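Undergrad: A structural model of the following input is requested.
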Amino acid sequence: MTLRSGDERSREEQSLKYGYIGLGNMGAPMARRLTNWPGGLIVFDVRTDAMTPLAEAGAALADSVADVAAADIVSITVLNGEQVRGVVAELVPRAKQGTVIAIHSTISPDTAVQLAQELAPQGIHIVDAPVSGGASAAEKGELAVMVGAERSVYERIKPAFKQWASVVVHAGEPGAGTRMKLARNMLTFTGFTAACEAMALAEKAGLDLQALGRVVRHSDAQSGGPGAIMVREDMRPLDHANFLYDMFVHTRGLGEKDLRLALALGEELDVELPLARIALQNLADGLGVPHVESSEEE
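TA: Okay, the predicted model is just below:
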């Protein structure tokens with residue numbers, strides 16, 4: 001077997017033709033950052049007006065989904081699982097062996113797993129690669145993408161994904177990218193619900209909600225928000241020798257104190273705070289520093 005140098009692999013990866021299907025709020029800015037891709041870009045959307053700006057920037061326009069099968073890597077950003085399956089069904093008859101079809105839509109992780117199994121005998125690789133960061137990050141090329149793919153396929157497509165994402169993570173096999181995205185979004189929307197609970201308490205306490213919002217955005221930017229504690233390799237309780245142990249015991253103490261004070265204020269003002277109660281109950285175990293009868297941890 002002849003080993004290729006890193007430069008040879010890089011040239012081969014950049015010679016791959018890229019196809020993009022679905023040019024909405026996310027797909028359009030992602031595709032726009034590929035218009036100078038060395039291997040070329042071909043795009044398709046059911047709305048002709050969505051393709052025009054890409055054509056003006058140098059992309060080739062496809063007449064149909066099937067025409068995009070001329071590409072080596074095809075990104076799909078459509079609304080739901082049904083549309084994903086429909087697009088894939090149109091691509092497959094004309095796709096060549098080795099084609100990578102990347103699904104960026106957030107849908108059931110089972111879809112990528114099933115499609116990957118169905119198409120593997122034809123040499124077509126299905127990758128689930130949902131993104132995080134929103135339209136603003138897409139415009140700046142600063143999305144995070146969570147890739148579910150065989151390792152060799154991931155390495156092949158990573159240089160292209162780097163054109164529109166600043167964080168490219170190999171989540172695991174097909175399906176793992178979507179599972180990671182669901183965990184990430186669960187945190188987002190649970191956090192939104194907690195923010196609404198906090199605003200309800202603040203409003204009842206006679207506070208300016210706009211001012212509270214400014215404080216939260218500023219302090220989260222400084223402290224990292226919930227992501228600051230997401231540094232463990234597993235969810236087992238921390239050993240006392242772990243470098244995080246003392247820090248998380250300190251965090252637990254501050255958190256439980258402040259949660260109790262917030263709950264007391266809620267009772268005083270007659271504001272229901274169910275998420276705060278759950279947080280007080282689960283914080284210690286979640287941090288990996290559960291309370292024990294022994295005082296060794298203190």
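Undergrad: just how off-centre is stretch 49-66 within its chain?
TA: 26 Å (CA atoms, centre = their mean, to the nearest Å).
Undergrad: ugh, typo on my part, it should be stretch 93-110
TA: 17 Å.
Undergrad: likewise stretch 211-229?
TA: In terms of CA atoms, centre = their mean, the centre of stretch 211-229 is found 20 Å from the chain centre.
Undergrad: Tell me the helices and strands packed up against the helix or strand S136 falls within.
TA: Using DSSP states H and E, S136 sits in helix 134-140. When contacts are defined as 3 or more CB pairs under 8 Å, 6 or more residues apart in numbering; DSSP states H and E, helix 134-140 sits against helix 27-32. Any C-beta I mention is one placed from the backbone N, CA and C, and that applies to glycine too.
Undergrad: List of residues touching the helix it packs on?
TA: 20-21, 23, 41, 43, 45, 50, 53-54, 57, 59, 75, 77, 104, 131, 135, 138-139, 143, 164 (CB atoms under 8 Å, 6 or more residues apart in numbering).
Undergrad: and those, which are buried?
TA: 20-21, 23, 41, 43, 45, 50, 54, 59, 75, 77, 104, 131, 138-139, 143, 164 (16 or more other CB atoms under 10 Å).
Undergrad: Those residues in helices, which ones?
TA: 50, 54, 138-139 (DSSP state H).
Undergrad: With pLDDT and distance to H170 as extra columns, can I get those in TSV?
TA: Putting these into TSV (pLDDT from 0 to 100; distance: CB to CB, whole Å) gives the following:
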residue	pLDDT	distance to H170
A50	97	31
L54	97	28
A138	97	21
E139	96	25
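Undergrad: Can you name the two of the residues you listed that sit furthest apart?
TA: Farthest-apart pair in these is A50 and E139; separation 15.5 Å (CB to CB).
Undergrad: re the thing from before, who's in contact with the helix holding S136?
TA: 25-26, 29-30, 131, 143-144, 164.
Undergrad: Try it again at 6 Å.
TA: Residues outside helix 134-140 that contact it (CB atoms under 6 Å, 6 or more residues apart in numbering): 25-26, 29-30, 143.
Undergrad: Distance to R260 for these - can I get that in a markdown table?
TA: Compiled in a markdown table, the contacts of helix 134-140 are given as follows (distance: CB to CB, whole Å):
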| residue | distance to R260 |
| --- | --- |
| N25 | 42 |
| M26 | 42 |
| P29 | 45 |
| M30 | 45 |
| L143 | 39 |
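Undergrad: CSV for those residues, including distance to H250 and pLDDT?
TA: Listed next are the contacts of helix 134-140 as CSV, based on distance: CB to CB, whole Å; pLDDT from 0 to 100:
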residue, distance to H250, pLDDT
N25, 42, 95
M26, 39, 96
P29, 41, 97
M30, 41, 98
L143, 34, 98
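Undergrad: who are the neighbours of the longest strand along the chain, in terms of helices and strands?
TA: Across the chain, the strand with the greatest residue count (assigned by DSSP state E) is strand 165-172. Strand 165-172 sits against strand 143-148, helix 151-161, with contacts defined as 3 or more CB pairs under 6 Å, 6 or more residues apart in numbering; DSSP states H and E.
Undergrad: Of the ones you listed, which is nearest F192?
TA: Here strand 143-148 is closest among the helices and strands packed on strand 165-172 (CB to CB), at 18.5 Å.
Undergrad: Other residues contacting the closest one?
TA: 128-133, 137, 154, 161, 165, 167-172, 174-177, 180-181.
Undergrad: measure the residue lying closest to G191 once chain neighbours are set aside to G266 for me?
TA: Leaving aside its chain neighbours, G191 sits nearest to P226 (6.6 Å; criterion: CB to CB, 6 or more residues apart in numbering). Distance from P226 to G266, counting by CB to CB, to the nearest Å: 21 Å.
Undergrad: right, and out of the ones in helices among the buried ones among the contacts of helix 27-32, which lies closest to H250?
TA: A138 (37.7 Å).
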